[in-house]
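Here you go, sequence then predicted model.
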Amino acid sequence: MKLPNINKKRILTLLRDGKRLDGRKPFELRDISIETGVSINAEGTSRVKIGKTEVVVGVKMDVQEPYPDHENEGTMITSMEFSPAAGERWEGGPPGMDSIEIARVVDRGIRESGFIDWKKLCIKEGEKVWSVLIDIYCINDDGNAMDASALGAIAALKLARFPVYDEKEEKVKFGEFTDKPLPLTEKLPLTLTFHKIGDKLIIDPNRDEEDSGEARITIAVSSVKKEKMINAMQKGGITPFTIEEMEKIIEETEKAYDKIFAEIEKKIKHVTK
Amino acid sequence: MPYTKRPDKRKFDELRPIKAEVGVIPNADGSALFAFGETVAIAAVYGPKPLHPQHMQEPDRGIIRCNYNMLPFSVTERARPGPNRRSKEISMVAGNALASVVDLTRFPGTVIDVEIIILQANASTRCAGINAAAMALAHAGIVMKEMVSSVSIGKIDDKIVMDLIKEEEDHEEGEGATDIPFTMTSRTHQITHLQLDGRIQTHRFKEATEAAKEACKKILKYQERALKGEKIDETK
């Protein structure tokens, strides 16, 4: 969907003075809220809002055969969809490129960070391992569904617990849950998305900014003993970034990670109570 | 075992605790949440808007395009994402239940999109979805001749009961379980949606209809209160 040029012009004019349409500074995130309790039938759920963008996420678990090249490790599948409820532009049908890209970047961020201890998801080497199924639905889209999806997935994983597994019958007893949380590590991956509008950079774009942006970069970053690790990156759009711009983005990523890490941990802890 | 008590201790003519609220999806022209106990549905309405492709347009009226989507994690065993035969059928009957009260002749050539999302399921999901969708249409300011309310009436063994839960749907002893989802209009109590699955004596069907009428009257009150801005949550 193309915005009238006038909107983009306004966004750019404001950005030249370091301002944004919604009153934020260029590297300021919108308010984040984290809730749970979307479905009692899931192993873990979350409802995450970044500004007006809202996602609901469910984690389901099942027992499957491992992949032949990782016989003692659990598996994970991440799916993402924009519900037609999310906004005028989203229509039904199989997931489009936007949804697929989000699912894949979220998946890579979680997978590569080492946030999940895969070996602890092994039941019987080469035969049976736990599979983690993450389903993400954006139900209101006001831009940056990428970061909302990633955060929603992390929150749902943190809030998840194993279902009951009947060892004799070698079957999951769906609908019955244990108190045992998933084997997660400290390496919590957060995803941050930047847009380039004209020659200006911003973090956490809203819908209007996303429509005006020429290029996008998403970075999934985790932290190991105060050292930050980039676990996934994805550039979108045709317009290139300069090396200096990328350096600035990395710098702002580090700052934003520190700023929201504690906040998010606190919010997730708060909902578990 | 004869069926004398409901598994959740409700009276036979008692609904589960209800949640009802409008405006849950800011982007939509109208939206609502409706829950019967553990069954939670949200609905979003977009439109009326021009219908594309153009050959699908009706020159003398608008159409309602309804989509029912049960999220994979709404049920205990993950449901495969995307449409299936069941969801397509429910989308159709829900759309028809709503279309009968919307004055579609006012919007020729247009479409009203109604998206129903089931977040958490414990039976009666289509009924919760239709209730939410009807509220979302009203919330969007779309002209309706009447409101609609939806409820599942059951015959469990030989008892007529309101608002089934999964455990009741699966009842096998005695005469077994019959599930009858109804949708009725608010003033003239016409049936705009009716399905049945099970076995019920013809002479007892009237009891089911009466129960549906009573239940829909109760549900309507919640829908009206929510549309006036109240956030109803009896589950707390």
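Noted; the coordinates are in hand.

ok, whichever residue of chain B sits closest to chain A - contacts?
Nearest residue of chain B to chain A, counting by C-beta to the nearest C-beta: B:Phe73, 2.4 Å away. From N, CA and C alone the C-beta is placed, and that goes for glycine too. B:Phe73 sits next to A:Val38, A:Ser39, A:Asn41, A:Ala42, A:Thr45, A:Gly58, A:Val59, A:Lys60, A:Asp135 when contact means C-beta atoms under 8 Å, 6 or more residues apart in numbering or on different chains.

In what element of secondary structure is the closest residue to the third one other than its chain neighbours found?
Nearest non-adjacent residue to A:Asn41, counting by C-beta to C-beta, 6 or more residues apart in numbering or on different chains: B:Thr76, 4.7 Å away. With the criterion set as DSSP states H and E, no secondary-structure element contains B:Thr76; it sits in neither a helix nor a strand.

Hmm, B:Thr76 is touching A:Ser39, no?
No. Counting by C-beta atoms under 8 Å, B:Thr76 stays clear of A:Ser39, with 9.6 Å between them.

so where is chain B shaky, pLDDT-wise?
For chain B, applying pLDDT under 70 flags the ranges B:1.

run the last query once more with 90
Within chain B, the ranges that satisfy pLDDT under 90 run B:1-4, B:52-59, B:82, B:174, B:199, B:201-202, B:236.

With adjacent residues omitted, what lies nearest to A:Thr99?
If you look again at residue A:99, you'll see it is Ser, not Thr. A:Ser99's closest residue in space is A:Met80 (C-beta to C-beta, 6+ apart), at 4.8 Å.

Centre of the chain to the host helix or strand of the one you found, how far?
Element membership of A:Met80, judged by DSSP H and E, is strand A:75-82. Remark: strand A:75-82 is offset 11 Å from the chain centroid, using C-alpha atoms, centre = their mean, to the nearest Å.

neighbouring strands for that strand, and are they parallel or not?
If you go by DSSP bridges, strand A:75-82 pairs up with strand A:128-140 (parallel).

What would the strand it pairs with look like as PDB? C-alpha coordinates only.
C-alpha atoms of strand A:128-140 as PDB (Å, rounded to 0.1, in the frame of the first residue of the first chain):
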ATOM      1  CA  LYS A 128      12.000 -39.500  20.700                       C
ATOM      2  CA  VAL A 129      12.500 -35.800  21.400                       C
ATOM      3  CA  TRP A 130      10.200 -32.900  22.400                       C
ATOM      4  CA  SER A 131       9.100 -30.600  19.600                       C
ATOM      5  CA  VAL A 132       8.300 -27.000  20.400                       C
ATOM      6  CA  LEU A 133       5.600 -25.500  18.200                       C
ATOM      7  CA  ILE A 134       5.300 -21.700  18.300                       C
ATOM      8  CA  ASP A 135       2.300 -20.100  16.600                       C
ATOM      9  CA  ILE A 136       2.200 -16.300  16.400                       C
ATOM     10  CA  TYR A 137      -0.800 -14.300  15.300                       C
ATOM     11  CA  CYS A 138      -0.800 -10.500  14.800                       C
ATOM     12  CA  ILE A 139      -4.300  -9.300  15.600                       C
ATOM     13  CA  ASN A 140      -3.700  -5.600  15.400                       C
END
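
one step back: ranking the contacts of B:Phe73 by neighbours, who comes first?
For these, the largest number of neighbours (other C-beta atoms under 10 Å in any protein chain shown) sits with A:Ala42, at 30 neighbours.

follow-up on the earlier one: identify the residues contacting the residue nearest to A:Asn41.
A:Asn41, A:Phe174, A:Gly175.

The spatially most central residue of chain B: helix or strand, and which one exactly?
Nearest to the geometric centre of chain B sits B:Cys127, at 2.3 Å (C-alpha atoms, centre = their mean). In the assignment (DSSP H and E), B:Cys127 maps to helix B:125-139.

Apart from its chain neighbours, what residue comes closest to whatever residue of the stretch 51-200 of chain A ends up closest to chain B?
Using C-beta to the nearest C-beta, A:Gly58 is the residue of the stretch 51-200 of chain A that sits closest to chain B, at 2.4 Å. Excluding the flanking residues, the one nearest A:Gly58 by C-beta to C-beta, 6+ apart is B:Phe73, at 2.4 Å.

Next one: the one you found relative to A:Trp130, how far apart?
Distance, B:Phe73 to A:Trp130, by C-beta to C-beta, to the nearest Å: 16 Å.

Contact residues of chain A facing chain B?
Contact residues, chain A versus chain B (C-beta under 8 Å from any C-beta of the partner chain): A:38-42, A:45, A:52, A:54, A:56, A:58-60, A:62, A:79, A:81, A:83-88, A:92, A:94, A:133, A:135, A:137, A:139-142, A:174-175.

re earlier: mind checking the SS state of the residue of chain B closest to chain A?
Recorded secondary structure, B:Phe73: helix (DSSP: H, G, I helix; E, B strand; the rest coil).

Chain B: strands as residue ranges?
B:18-22, B:30-36, B:39-50, B:63-70, B:110-120, B:148-156, B:159-162, B:177-185, B:191-194, B:232-233 (DSSP state E).

no wait, chain A
Applying DSSP E to chain A gives strands spanning A:32-35, A:44-50, A:53-64, A:75-82, A:122-124, A:128-140, A:161-166, A:171-181, A:190-197, A:200-203, A:215-224, A:227-237.
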